[in-house]
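*Asks:* Sequence first, then the predicted structure, then my questions.
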Amino acid sequence: MSKRPNIVLIVADDHRHSALGAAGLEPVRTPVLDALAHSGVCFRQSHMHGGVLQAVCAPARAALHTGMSPFRAAQSACDVDSQGAMSIRSQWPPNLASAHPFDNGELGVRDEQLLVSPLREADVREELAAYYAMISHLDAQIGTVLAALESTGQREETVVVYTADHGIALGSHGLLGKQNLYDHSVRIPLIASGPGLPQGRTVEAYTCTCDLYPTLCELAGAPVPDTVEGRSLLPFAEGRREAARPYVGAAYRYLQRMIKADGWKLIRYWQDPHTGAGTDRVQLYHLDEDPWECRDLAADPGQRGRVAELSRAMKRWLAETGDPLLDYWTAISMEEAL
């Protein structure tokens with residue numbers, strides 16, 4: 001590319017990987033994003049890292065802005081000096097959540113109590129309909145942006161990148177939010193289209209949010225800081241031979257860690273060393289045969305070797321990313337956690 005391109009980066013909130021028309025997995029209409037994917041590169045195994053905060057969006061943005069794992073890129077707490085600080089809760093208008101005008105004790109962490117428990121199918125369907133409608137509306141607005149680029153003669157010299165901070169459950173696994181490590185919450189769309197990029201290419205290599213920083217630097221012809229831990233995705237987009245990540249991981253607070261490798265996924269649940277909350281447990285899924293993660297194989301005696309192998313990979317990932325949970329790696333064996 002002889003000329004450095006313009007770059008338009010669009011980051012959605014709560015957009016899970018499967019909620020794209022082009023994915024063919026959910027009844028949602030996204031003609032603009034579908035066309036963007038067909039005209040560029042679609043990374044089908046893109047993941048967010050998570051972090052030790054309840055708000056998983058904050059560490060995702062930290063990884064995006066720095067190219068570092070959230071454990072090294074951001075603070076591990078949300079403490080704010082009370083001197084002069086404002087309480088967001090005190091600023092809420094009285095009818096912000098008309099169906100729930102009270103503090104249910106979970107608003108600051110999870111939203112699972114915002115619907116009747118156990119979840120009713122009609123309520124979840126209503127939530128999904130609203131979710132799909134918002135995605136289609138966003139898709140239309142992206143179309144407006146692309147049309148403006150076309151009308152001003154800038155589209156041919158502009159790289160457009162679309163991704164999300166994380167996904168969301170909305171009824172899957174009996175959950176509503178994104179405070180979990182199932183694929184509906186950690187796997188996200190990643191599409192790049194523009195000059196210098198091939199059209200209609202699909203990449204299956206594992207990628208994560210911190211890879212966007214060095215990718216955009218390379219596209220812009222800018223130097224990549226030494227602090228960046230991510231890897232440029234251009235070699236994969238362009239079909240160059242490049243060793244892919246052997247695994248990808250994600251985290252939620254001090255309670256959960258995930259590792260994914262070779263089509264298999266291990267989720268480890270810990271008891272929080274600070275609060276005592278949670279429990280020790282392991283889940284194992286064969287994603288090639290069970291993409292919706294419905295059949296937990298962790299207790300299968302024939303999979304003990306795989307559980308141990310993925311556990312070792314998880315521990316390596318904790319060390320590589322600077323995860324503070326490495327210091328609390330319990331003496332409880334995987335077998336005892338099954």
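*Replies:* That came through fine. Numbers count the residues shown, from 1 in each chain.

*Asks:* care to break this structure down by domain?
*Replies:* Annotated domains of the chain cover 1-75+115-245, 254-338 [automatic domain parsing].

*Asks:* Highest mean neighbour count out of these?
*Replies:* domain 1-75+115-245 (a mean of 18; mean count of other C-beta atoms under 10 Å). (C-beta placed from N, C-alpha, C; glycine too.)

*Asks:* tell me the mean pLDDT for that domain?
*Replies:* Averaging pLDDT along domain 1-75+115-245 gives 92.

*Asks:* How far off centre is that domain?
*Replies:* Centroid separation for domain 1-75+115-245 versus its chain: 8 Å, with C-alpha atoms, centre = their mean, to the nearest Å.

*Asks:* that's a helix at S311, yeah?
*Replies:* Yes. Per DSSP: H, G, I helix; E, B strand; the rest coil, S311 lies within a helix segment.

*Asks:* Endpoints of stretch 247-266, how far apart?
*Replies:* 11 Å (C-alpha to C-alpha, to the nearest Å).

*Asks:* what distance separates that stretch from the centre of its chain?
*Replies:* Taking C-alpha atoms, centre = their mean, the mean C-alpha location of stretch 247-266 is offset from the chain mean by 12 Å.

*Asks:* ditto for stretch 237-252
*Replies:* Relative to its chain's centre, stretch 237-252 lies at 15 Å (C-alpha atoms, centre = their mean).

*Asks:* And the pLDDT for N104?
*Replies:* On pLDDT, N104 comes in at 41.

*Asks:* Could you do the one 4 residues further on as well?
*Replies:* Turning to G108, the model gives it a pLDDT of 46.

*Asks:* Would you confirm that A313 contacts I259?
*Replies:* Yes. Using C-beta atoms under 8 Å, A313 is in contact with I259, at 5.1 Å.

*Asks:* Quick check: neighbours shared by those two?
*Replies:* Shared contacts of A313 and I259 (C-beta atoms under 8 Å, 6 or more residues apart in numbering): Y247.

*Asks:* now for the helix with the most length in the chain, which elements pack on it?
*Replies:* Determined from DSSP state H, the single longest helix within the chain is helix 121-151. Judged by 3 or more C-beta pairs under 8 Å, 6 or more residues apart in numbering; DSSP states H and E, the packing partners of helix 121-151 are strand 6-12, helix 31-38, strand 158-164.

*Asks:* Okay, angle between it and strand 158-164 too, please.
*Replies:* Between the axes of helix 121-151 and strand 158-164, defined by axes from the mean of the first three to the mean of the last three C-alpha atoms, to 10 degrees, the angle is 170 degrees.

*Asks:* by how many degrees do helix 121-151 and helix 31-38 diverge?
*Replies:* Using the same axes, to 10 degrees: helix 121-151 against helix 31-38 is 60 degrees.

*Asks:* Okay, angle between helix 121-151 and strand 6-12 too, please.
*Replies:* Using the same axes, to 10 degrees: helix 121-151 against strand 6-12 is 170 degrees.

*Asks:* ranges for the helices of this structure?
*Replies:* Under DSSP H, the chain gives helices at 31-38, 57-66, 70-73, 88-91, 121-151, 183-186, 212-220, 234-237, 304-321, 334-337.

*Asks:* Let's see stretch 196-204 as PDB, backbone CA atoms only.
*Replies:* The C-alpha coordinates for stretch 196-204 follow below in PDB (Å, rounded to 0.1, in the frame of the first residue of the first chain):
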ATOM      1  CA  GLY A 196      -4.700  -3.600   1.000                       C
ATOM      2  CA  LEU A 197      -7.000  -6.300   2.500                       C
ATOM      3  CA  PRO A 198      -8.300  -9.300   0.500                       C
ATOM      4  CA  GLN A 199     -12.000  -9.700  -0.100                       C
ATOM      5  CA  GLY A 200     -14.200 -12.500   1.200                       C
ATOM      6  CA  ARG A 201     -11.500 -14.100   3.300                       C
ATOM      7  CA  THR A 202     -12.300 -16.000   6.600                       C
ATOM      8  CA  VAL A 203      -9.700 -16.500   9.200                       C
ATOM      9  CA  GLU A 204     -10.100 -19.200  11.800                       C
END
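
*Asks:* All good on my end, thank you.
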